[in-house]
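K.L.:
Sharing a model prediction with you, sequence too.
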Amino acid sequence: MIEISQHGPVTRFRLGREVMGKVQYWTSCFLLDGLLIDTGCAHTAKELLAELRPRGVELIVNTHYHEDHVGGNALLSKELNAPILAPEASLPLLAEPPWIHQHRQLVWGDPEPSRAQPLNKTLEACGYSFQVHHAPGHCDDQVMLFEPNHKWLFCGDAFIAETPRTARPEEHYNQCLQTHQAMAVLLPQVLFCSPLGAVEPAVPALERTIDYLQDMRTRIMDLNEQGFTPEQMVQKLFGRESKLVVFTEGQFSYQNFVEAFLK
Ligand SMILES: [Zn+2]
């Protein structure tokens, strides 16, 4: 299923696999005058291609290697004759996509291998100039694209919510906090992020998130110093474990969130 919305010249494609008439998990990609930022998941690639063909795509850029951001790479690049740029660290992961858990295969699908060229620190594309900033924490390879004239920040999954509680095992929340601080320093007006779409005004949302993450870090470090285990910290902070644990085979959990501050 695709839902399309417009934010000035930026088109958001909200994408997700429909199961029994409902989409449980959404991702996004964004089109700006021929520049496609991320390509969604494998399950929605054909549907997205049908929407993009009449609009035209000159260049594809990936923010990071996750399967809900690169799943349309191979099909869209071939059918739309558009080259792909991606963070240098992502390139081997695009060429040989890593194994993913069953729930991710179900929700997003395995991405086809794709070939990309490395992004530089700046990007001139489709009449716009972007700064390319490293944005680690969610995963090591992630970058964000900042367009300083319009103050747009395309940040992939670097901003997922103002009060995140679950995390994946590969996430590092001290790095996430630093990335949020680096985002705020850029003084963006709009964040274009995968889970939420357009977040505007961006800076107050970032400041609230930074305050929340700093508070969580302080509470987790205090509990750690008192000798509580991560499981006990989850009970103290949230009262119970997330219901996502079962469906995601332990990949999304409150305990991962706690442990993501202790790395
Ligand atoms: Zn991601």
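P.N.:
On my side now, so go ahead. Given the structure is predicted, the values throughout are model-derived calculations rather than measurements.
K.L.:
Give me the nearest residue to the residue in the stretch 101-250 of the chain positioned nearest to the ion, chain neighbours excluded.
P.N.:
Closest approach between the stretch 101-250 of the chain and the ion, counting by C-beta to the ion: D157, at 3.6 Å. From N, CA and C alone the C-beta is placed, and that goes for glycine too. Closest residue to D157 apart from its sequence neighbours, by C-beta to C-beta, 6 or more residues apart in numbering: H138 at 4.7 Å.
K.L.:
residue contacts, that neighbour?
P.N.:
64, 156-158, 160, 171, 176, 179 (C-beta atoms under 8 Å, 6 or more residues apart in numbering).
K.L.:
Which ones among those lie within helices?
P.N.:
Mapping those onto helices (DSSP state H) picks out 176, 179.
K.L.:
Need phi/psi at the residue nearest to D157.
P.N.:
When read as degrees, to the nearest 10, the backbone of H138 gives phi -70, psi -40.
K.L.:
Repeat that for the one 5 residues further on.
P.N.:
Main-chain dihedrals, V143, degrees, to the nearest 10: phi -120, psi 160.
K.L.:
Ok, T44 next?
P.N.:
phi -110, psi 10.
K.L.:
Quick check: the residue of the stretch 101-250 of the chain closest to the ion vs E171, distance?
P.N.:
Distance of D157 to E171, given as C-beta to C-beta, to the nearest Å: 10 Å.
K.L.:
D33 - nearest residue in space that isn't next to it in sequence?
P.N.:
Among residues not flanking D33 along the chain, C126 sits closest, at 4.4 Å (C-beta to C-beta, 6+ apart).
K.L.:
quick one: the one you found and L32 touch, right?
P.N.:
Yes: between C126 and L32 there is a contact under C-beta atoms under 8 Å: 6.6 Å.
K.L.:
okay, those two: which has more neighbours?
P.N.:
L32 (23 against 15; other C-beta atoms under 10 Å).
K.L.:
excluding its backbone neighbours, what's nearest that one?
P.N.:
Excluding the flanking residues, the one nearest L32 by C-beta to C-beta, 6+ apart is V10, at 5.2 Å.
K.L.:
same question, M1
P.N.:
Once flanking residues are discounted, M1 sits nearest to E18: 4.5 Å by C-beta to C-beta, 6+ apart.
K.L.:
measure the spatially most distant residue from the centre of the chain to M233 for me?
P.N.:
Computed with C-alpha atoms, centre = their mean, the residue of the chain farthest from its C-alpha average is Q226, at 34.0 Å. As judged by C-beta to C-beta, Q226 and M233 stand 10 Å apart.
K.L.:
quick revisit: burial check on the residue nearest to L32, number of neighbours?
P.N.:
There are 21 residues near V10, going by other C-beta under 10 Å.
K.L.:
who touches both of D157 and E171?
P.N.:
Common neighbours of D157 and E171, counting by C-beta under 8 Å, 6+ apart, are 138-139.
K.L.:
The ion contacts on the stretch 51-200 of the chain?
P.N.:
Residues of the stretch 51-200 of the chain found near the ion (C-beta under 5 Å from the ion) are 66, 157.
K.L.:
which residue ranges form the helices in the stretch 151-263 of the chain?
P.N.:
Taking DSSP state H, counting those that start in this stretch to define them, one finds helices in the stretch 151-263 of the chain at 173-185, 202-225, 230-238, 244-247, 254-262.
K.L.:
And the contacts of the shortest one?
P.N.:
Residues from elsewhere that reach helix 244-247, judged by C-beta under 8 Å, 6+ apart: 103, 166, 252-253.
K.L.:
again, but for the longest one
P.N.:
The contact list for helix 202-225 (C-beta under 8 Å, 6+ apart) reads 151, 153, 159, 161-163, 173-174, 176-177, 180-181, 183-184, 187-191, 199, 232-233, 236-237, 258, 261-262.
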